[in-house]
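Engineer: Here's my sequence, what's the structure:
(2 chains)
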Amino acid sequence: MTDLTDLGIAGIRDGVRDGSFSARDVADAFIVKVSQAKALNAFLVETPDHAIAAATAADTARAAGETLKPLAGVPIGMKDLFCTKGVTTTAASHILEGFTPTYESTVSQNLWDAGAGMLGKLNMDQFAMGSSNETSAFGNVISPWKRNDGNGVGGNAALAPGGSSGGSSSAVAARLCPGATGTDTGGSIRQPAAFTGISGIKPTYGRCSRWGTIAFASSLDQAGPMARDVRDCAILLEAMAGFDSKDGTSLQLDVPKWEAGLSASLAGLRVGIPKEYRVDGMPEEIEALWQKGIDWLKDAGATIVEVSLPHTKYALPAYYIIAPAEASSNLARYDGVRYGIRDLPAGSGLQDMYAATRADGFGPEVKRRIMIGTYVLSAGYYDAYYTQAQKIRTLIARDFEKAWETCDVLLTPTAPSAAFALGEKSADPIAMYLNDVFTVPSSLAGLPAMSVPGGLDKQGLPLGLQIIGKPLDEQGVLNAGLAIEQRAGFTARPEAWW
Amino acid sequence: MSVDTATVKRIASLARIAITDEDAARIAPELGNILGWIEMLGEVDTTGVEPMTAVIPNTLRLRDDVVNADPLTGGNIREQVLANAPVAEHGFFAVPKVIE
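Structural biologist: Purely as a prediction, here's the structure:
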């Protein structure tokens, strides 16, 4: 019998439907894998009962001859940024330790309504701030991948799974779950997907409700799926997305049938190659993979056009004003009064309690960003920093609008390097921020974008290609991703050492 | 861009984060580096450019003006609201004495 944990979302869904195996068998197989993978530190909380209850519901429905729900029998991992009723939710921060939501986030509720079950809550960078999963208050997530040059420098070093959705990427790549939720503010779905050889899509801003998702930067935060292939991403996104009256920025639109619309025939599609993404110091292998991606899309019938996005180099610094500014405001709520920890030094008053609670509860990167945000929003600096950044955001969005006059999707690398070792970049915040150089511009413009694995580098580590689409054109993004996936033939997987 | 420790302490105070002199001295050059890096935005001519307010055109909706239009965000859930409070007393969030 095949190992059920080798199956993806579609394989599990179809197998449960046609009775090849029971949903309970699937849940049990993944629960065992999760329990044996502590070394990866991908899960903060394991919820086998939740997965088993959903599986039992699927099996009972099938036995009764009922029509099965879209994700019946599919167990998934849930990033710890999504509030889950009755299950501890911390955003990987000490300040929320012990917080047990009394409500369910819209995205997770949508998944449960579709029949999915939860294997557990996934580790992440604290409050989704980070690109390596080293800012979690509950320990680093380790990538299942290893460099193949065991004798070379850092050959056996523990590698970063990317971030902030590093628990999600590590768990999916290690086949601890067939799919997981992620959230993406400046690349937090796409960069970890690229680092671990899986697929992930950030939909158009507003497709997925933010209600019940712990906020980082509200004008940028978007949920999306991470899974092993493009079809699985389409299936999960269909379940996650949808209008929600509880989120003021939710788009009042029907959810397209993305899975049914999948087609790798790209005849007539114009693919833009932004020349500004050829950055100095980009590894040759990434340049070469980009060229391969171009050739694959041509082979699928697309035509290639060079485009210019002249404000690209300003995207990252603008992001590091806007995102921290919003974070400093959003994270003001953690004050030791309503939830999480409270630190009340003896004999002190309310203000001291706030300051002590926040000093103790937030990690160093979170404090750094709150302070940057506070600074750029403070009197005398607001216009020079924040207003200027928002104007540049307008210019970046205009760059994309102009590009859409001559192309339909854009193809770029996902990240400027393969996965790095833990500790390699944590001493230099700006070097860490540069990981998101290719993913931040589309975030600032609210555009759908996905990463698909393209191949391995010389050290045997996955590299990803990014497709960016027009607003609401997730289908175009998924289809171009599918065309690459079919031609890249990426079947590499990390050897289990954990 | 250089940021001095006095500035760091002022920002930390605005952000309600307690900070030691030692940490302020350590963080000052870090913040200076980051702020120096983002200062490149000053070289972009943004004359006549409107600041971004929404990435995807959308309209603000109004909900029906009724109590409990959505039970999840409505009223009468005091116990749920207080369930995660570090200290709750008599149906309220409790904080240290504010008024003498």
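Engineer: And the residue of chain A closest to chain B?
Structural biologist: Here chain A gets closest to chain B at one residue, A:Gly446, 2.9 Å apart by C-beta to the nearest C-beta. Any C-beta I mention is one placed from the backbone N, CA and C, and that applies to glycine too.
Engineer: For that residue, which non-adjacent residue is closest in space?
Structural biologist: Leaving out its chain neighbours, the residue that sits closest to A:Gly446 by C-beta to C-beta, 6 or more residues apart in numbering or on different chains is B:Val55, at 2.9 Å.
Engineer: I figured the one you found hits A:Arg207, correct?
Structural biologist: No: applying C-beta atoms under 8 Å as the test, B:Val55 and A:Arg207 come out as separate, 12.0 Å apart.
Engineer: between those two, who's got more neighbours?
Structural biologist: Shown here are B:Val55 and A:Arg207; by other C-beta atoms under 10 Å in any protein chain shown, A:Arg207 has more neighbours (27 against 21).
Engineer: The more buried one: what secondary structure?
Structural biologist: Secondary structure, DSSP: H, G, I helix; E, B strand; the rest coil: A:Arg207 is coil.
Engineer: Quick check: pLDDT value at it.
Structural biologist: Predicted confidence (pLDDT) for A:Arg207: 98.
Engineer: Phi first, then psi, for it.
Structural biologist: phi -70, psi -40 (degrees, to the nearest 10).
Engineer: From A:Gln252, how far off is it?
Structural biologist: 11 Å (C-beta to C-beta, to the nearest Å).
Engineer: ok, now A:Asp408?
Structural biologist: According to C-beta to C-beta, A:Asp408 stands 25 Å off from A:Gln252.
Engineer: Could you check which of those two is surrounded by more residues?
Structural biologist: A:Asp408 (21 against 12).
Engineer: For the residue of chain A closest to chain B, what is the enclosing helix or strand?
Structural biologist: In the assignment (DSSP states H and E), A:Gly446 maps to no helix and no strand.
Engineer: Enumerate the residues of the stretch 101-250 of chain A near chain B.
Structural biologist: Counting by C-beta under 8 Å from any C-beta of the partner chain, the stretch 101-250 of chain A comes close to chain B at A:101-103, A:204-206, A:219, A:245-246, A:248-249.
Engineer: Buried ones among the residues you listed?
Structural biologist: A:101, A:103, A:204-206, A:219, A:245, A:249 (16 or more other C-beta atoms under 10 Å in any protein chain shown).
Engineer: Including secondary structure, could those residues go into TSV?
Structural biologist: Below are these laid out as TSV (three-state DSSP):
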residue	secondary structure
A:Pro101	coil
A:Tyr103	coil
A:Thr204	coil
A:Tyr205	coil
A:Gly206	coil
A:Ser219	coil
A:Ser245	coil
A:Thr249	coil
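Engineer: Please render those as CSV that adds distance to B:Asp4 to the earlier fields.
Structural biologist: Putting these into CSV (distance: C-beta to C-beta, whole Å) gives the following:
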residue, distance to B:Asp4
A:Pro101, 41
A:Tyr103, 44
A:Thr204, 43
A:Tyr205, 38
A:Gly206, 42
A:Ser219, 31
A:Ser245, 48
A:Thr249, 39
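Engineer: So of these, which two are at opposite extremes in space?
Structural biologist: A:Pro101 and A:Thr204 (26.6 Å; C-beta to C-beta).
Engineer: What distance do you get for the most far-flung residue of chain B relative to its centre to A:Leu297?
Structural biologist: Residue farthest from the centre of chain B, counting by C-alpha atoms, centre = their mean, is B:Val66 at 29.9 Å. The spacing between B:Val66 and A:Leu297, counted by C-beta to C-beta, is 52 Å.
Engineer: what do you get for A:Asp6?
Structural biologist: 29 Å.
Engineer: Does A:Asn435 touch A:Ser131 like I think?
Structural biologist: Yes: contact criterion C-beta under 8 Å: A:Asn435 and A:Ser131 qualify, at 4.1 Å.
Engineer: how close does the residue nearest to A:Gly446 sit to A:Ala217?
Structural biologist: Note on B:Val55: its distance to A:Ala217, by C-beta to C-beta, is 12 Å.
Engineer: same question, A:Pro192
Structural biologist: Distance from A:Pro192 to A:Ala217, by C-beta to C-beta: 18 Å.
Engineer: the more surrounded of the two?
Structural biologist: A direct count of neighbours by other C-beta under 10 Å for A:Pro192 and A:Ala217 places A:Pro192 higher, at 39 against 24.
Engineer: That one belongs to a helix?
Structural biologist: Yes: per three-state DSSP, A:Pro192 lies within a helix segment.
Engineer: what's near enough to touch it?
Structural biologist: A:133, A:161-166, A:168-169, A:182, A:200, A:226 (C-beta atoms under 8 Å, 6 or more residues apart in numbering or on different chains).
Engineer: Need the pLDDT of it.
Structural biologist: So, for A:Pro192, pLDDT stands at 98.
Engineer: Please, where are all the helices along the stretch 51-200 of chain A?
Structural biologist: A:106-113, A:166-173, A:190-196 (DSSP state H, counting those that start in this stretch).
Engineer: name the helices or strands packed onto the second one?
Structural biologist: Yep, that's helix A:166-173 we're talking about. strand A:43-46, strand A:75-79, strand A:117-122, strand A:179-184, helix A:190-196, strand A:222-227 (3 or more C-beta pairs under 8 Å, 6 or more residues apart in numbering or on different chains; DSSP states H and E).
Engineer: Deepest in the core, which of these is it.
Structural biologist: helix A:190-196 (a mean of 34; mean count of other C-beta atoms under 10 Å in any protein chain shown).
Engineer: Next up, the contacts around B:Ala85.
Structural biologist: For B:Ala85, counting by C-beta under 8 Å, 6+ apart, the contacting residues are A:337-339, B:93-94.
Engineer: go on, A:Thr185?
Structural biologist: Neighbours of A:Thr185 in contact, by C-beta under 8 Å, 6+ apart: A:128, A:164, A:216-217, A:220-222, A:323, A:443.
Engineer: now those in a markdown table, with pLDDT?
Structural biologist: Below are the contacts of A:Thr185 laid out as a markdown table (pLDDT from 0 to 100):
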| residue | pLDDT |
| --- | --- |
| A:Ala128 | 98 |
| A:Ser164 | 96 |
| A:Phe216 | 98 |
| A:Ala217 | 98 |
| A:Leu220 | 97 |
| A:Asp221 | 97 |
| A:Gln222 | 98 |
| A:Ala323 | 98 |
| A:Ser443 | 98 |
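Engineer: which of the residues you listed has the most neighbours?
Structural biologist: Top of the contacts of A:Thr185 by neighbour count (other C-beta under 10 Å): A:Ser164, with 35 neighbours.
Engineer: For that residue, give its distance to A:Phe127.
Structural biologist: Here the criterion is C-beta to C-beta. By it, A:Ser164 lies 8 Å from A:Phe127.
Engineer: so what sits against both of those two?
Structural biologist: Common neighbours of A:Ser164 and A:Phe127 (C-beta under 8 Å, 6+ apart) do not exist.
Engineer: What are the phi and psi values at the residue located most distally from the centre of chain A?
Structural biologist: Distance from the centre of chain A peaks at A:Gly347, with 43.6 Å (C-alpha atoms, centre = their mean). Dihedral angles of A:Gly347 (phi, psi; degrees, to the nearest 10) stand at phi 70, psi 10.
Engineer: I'd assumed A:Thr181 was in contact with A:Ile189.
Structural biologist: No: look at A:Ile189 against A:Thr181 with C-beta under 8 Å: they stay out of range, at 9.2 Å.
Engineer: Identify the contacts common to these two.
Structural biologist: A:168, A:224, A:226.
Engineer: Would you mind saying which of the helices of the stretch 51-200 of chain A lies nearest B:Ser13?
Structural biologist: Short answer: helix A:166-173, nearest of these by C-beta to C-beta, at 32.8 Å.
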